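[1] Just need the structure, nothing else, for what follows:
(one chain, ligands or ions: 1)
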Amino acid sequence: MNAPVLEVQGLGVRLRSDGGIADILDDVSISVPRGGTVGVVGESGCGKSTLLRAILGILPRGAETPRGAILFEGRDILSDRAASARGRIGFVPQDPYLSLNPVFRAGDQILEIMRRHARGSRADHKRRLVELFRAVQLPDPEAALRKFPHQFSGGQRQRLLIAAAMSCDPALIIADEPTTALDVTTQREILALLRGLVAERGLSLLFVTHDFGVLANLCAEVTVLYAGRVAESGPTREVLDAPRHPYTRMLLACHPDRATEPLGIPGTVPAATAQPGGCRFHPRCPIVHSGCVAEPPPLQPLPGDRAVACPWHAEPLPEAILG
Ligand SMILES: Nc1ncnc2c1ncn2[C@@H]1O[C@H](COP(=O)(O)OP(=O)(O)OP(=O)(O)O)[C@@H](O)[C@H]1O
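    All right, here's what the predicted structure looks like:
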């Protein structure tokens with residue numbers, strides 16, 4: 001197996017908020033192999049964006065110094081404050097409509113990123129940007145340089161942002177649900193583009209999503225987060241075919257492709273200021289046991305590069321879980 005390009009080791013993130021101390025991430029470990037594609041999945045509020053923010057060094061105000069380590073290309077970027085350490089991480093945000101300043105030409109905004117992160121003159125950067133616009137299949141790449149954000153469609157704006165993420169010659173692309181703001185056809189096109197670029201250029205990808213369909217298409221490995229902890233991880237195909245954690249199983253059963261009726265998991269993700277003791281999923285778990293309330297279950301390795309934080313993982317999960 002390739003050496004990981006990114007290793008998140010025992011990451012803990014807490015921050016002071018109006019509601020008290022928010023315990024957002026606890027002991028989260030994720031590894032992205034060089035050239036590998038890893039998805040992070042979980043309901044809203046499970047800590048996916050906070051994980052990405054910690055990696056990108058943009059945690060909100062009030063955040064305590066995170067616990068654990070984040071190694072990018074072997075350097076601990078949590079303790080290494082040098083901006084250059086994160087220079088080869090490209091970020092594709094969730095909403096292309098909110099991510100470009102409407103009053104500046106889109107090309108100038110990306111050239112400014114390149115001025116800060118890439119070597120070469122402005123003319124070099126322009127040439128490279130036109131190539132990138134071509135690679136992300138923007139029509140008329142030369143003219144695109146001179147346009148303002150409102151002159152692009154939503155899908156084209158997401159292509160611009162993918163070009164921006166590629167402009168720092170990244171080893172790793174981090175994408176935070178980059179297709180949720182787009183219609184279904186455009187979503188497919190953008191995902192196909194991302195998959196093609198990652199494969200052709202040997203990039204690594206860390207991809208946050210709610211959508212198991214997207215996950216199966218794009219990511220070889222998956223980590224399931226629940227209430228700021230890893231519930232389960234492993235090769236995507238195996239996890240989707242035979243989920244071991246009741247949370248993964250229930251989350252999959254809610255997916256529109258699988259659900260026979262509109263289902264949800266009863267209850268809600270706990271607020272980060274009021275995490276339950278023991279297993280954080282225990283108040284919603286159909287196979288809860290007294291032991292689950294007392295102690296947080298450790299993430300136990302399983303054969304086939306899998307791991308699960310549920311003491312019942314060895315048992316076949318009861319069909320009743322499906323509702
Ligand atoms: N600045 C903040 N102050 C207080 N609590 C916060 C802050 N940012 C996030 N949280 C809390 O941390 C938890 C995780 O939030 P986060 O946005 O990381 O989840 P998420 O899985 O990305 O959700 P979504 O899919 O909705 O984006 C939530 O309970 C959220 O309310």
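[2] Helix or strand: which one has the residue of the stretch 151-300 of the chain found nearest the ligand?
    Distances between the stretch 151-300 of the chain and the ligand by CB to the nearest ligand atom are smallest at Ala272, namely 3.7 Å. Every residue, glycine included, has its C-beta placed from N, CA and C. Under the criterion DSSP states H and E, no helix or strand holds Ala272.
[3] my guess is it contacts Arg229, does it?
    No: judged on CB atoms under 8 Å, Ala272 makes no contact with Arg229 at a distance of 11.6 Å.
[4] Let me see the contact set for the residue of the stretch 151-300 of the chain closest to the ligand.
    17, 22-24, 45, 47, 227-228 (CB atoms under 8 Å, 6 or more residues apart in numbering).
[5] Could you work out the most separated pair of these?
    Ser17 and Ala227 (15.7 Å; CB to CB).
[6] Please report the distance of the residue lying closest to the residue of the stretch 151-300 of the chain closest to the ligand once chain neighbours are set aside from the ligand.
    What sits nearest to Ala272 in space, not counting adjacent residues and going by CB to CB, 6 or more residues apart in numbering, is Ala22, at 3.8 Å. Distance, Ala22 to the ligand, using CB to the nearest ligand atom, to the nearest Å: 4 Å.
[7] Tell me the bridge partners for Ala22.
    Ala22 has these beta-bridge partners by DSSP bridges: Leu15.
[8] residues near it, how many?
    For Ala22, the count of nearby residues is 21 (other CB atoms under 10 Å).
[9] Make sure it is actually in contact with Ala274.
    No: the pair Ala22 / Ala274 is not scored as a contact, 9.3 Å apart, by CB under 8 Å.
[10] For the helix or strand harbouring Leu111, which helices and strands make contact with it?
    Taking DSSP H and E as the criterion, Leu111 maps to helix 106-117. Other elements packing on helix 106-117 under the criterion 3 or more CB pairs under 8 Å, 6 or more residues apart in numbering; DSSP states H and E are helix 122-135, helix 154-166.
[11] which residues does the residue nearest to Ala272 contact?
    Contacts of Ala22 (CB under 8 Å, 6+ apart): 14-16, 271-273.
[12] Would you mark the buried spots in the least confident helix or strand in the chain by mean pLDDT?
    The helix or strand of the chain with the poorest confidence is helix 290-294; it has a mean of 87 (mean pLDDT, DSSP states H and E). Buried residues in helix 290-294, defined by neighbour count with 16 or more other CB atoms under 10 Å: Cys292.
[13] ok, now stretch 182-200?
    Quick answer for stretch 182-200 (16+ other CB under 10 Å): 182, 186-187, 190-191, 193-194, 197-198.
[14] Please name whichever of those residues scores lowest on pLDDT.
    The lowest pLDDT within the buried residues of stretch 182-200 belongs to Leu182, with 82.
[15] burial count for the residue lying closest to that one once chain neighbours are set aside?
    Leaving aside its sequence neighbours, Leu182 sits nearest to Gly154 (CB to CB, 6+ apart; 5.3 Å). Gly154 has 16 neighbours, counted by other CB under 10 Å.
[16] Most tightly packed of the helices and strands packed on helix 106-117?
    helix 154-166 (a mean of 24; mean count of other CB atoms under 10 Å).
[17] Who are the packing partners of that helix?
    If contacts are counted by 3+ CB pairs under 8 Å, 6+ apart, helix 154-166 sits against strand 89-92, helix 106-117, helix 122-135, strand 172-176, helix 184-201.
[18] I'd like these laid out as CSV, including distance to the ligand.
    As requested, the helices and strands packed on helix 154-166 are arranged in CSV below (distance: least, CB to the nearest ligand atom, whole Å):
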stretch, distance to the ligand
strand 89-92, 14
helix 106-117, 24
helix 122-135, 27
strand 172-176, 8
helix 184-201, 16
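[19] No more questions from me, cheers.
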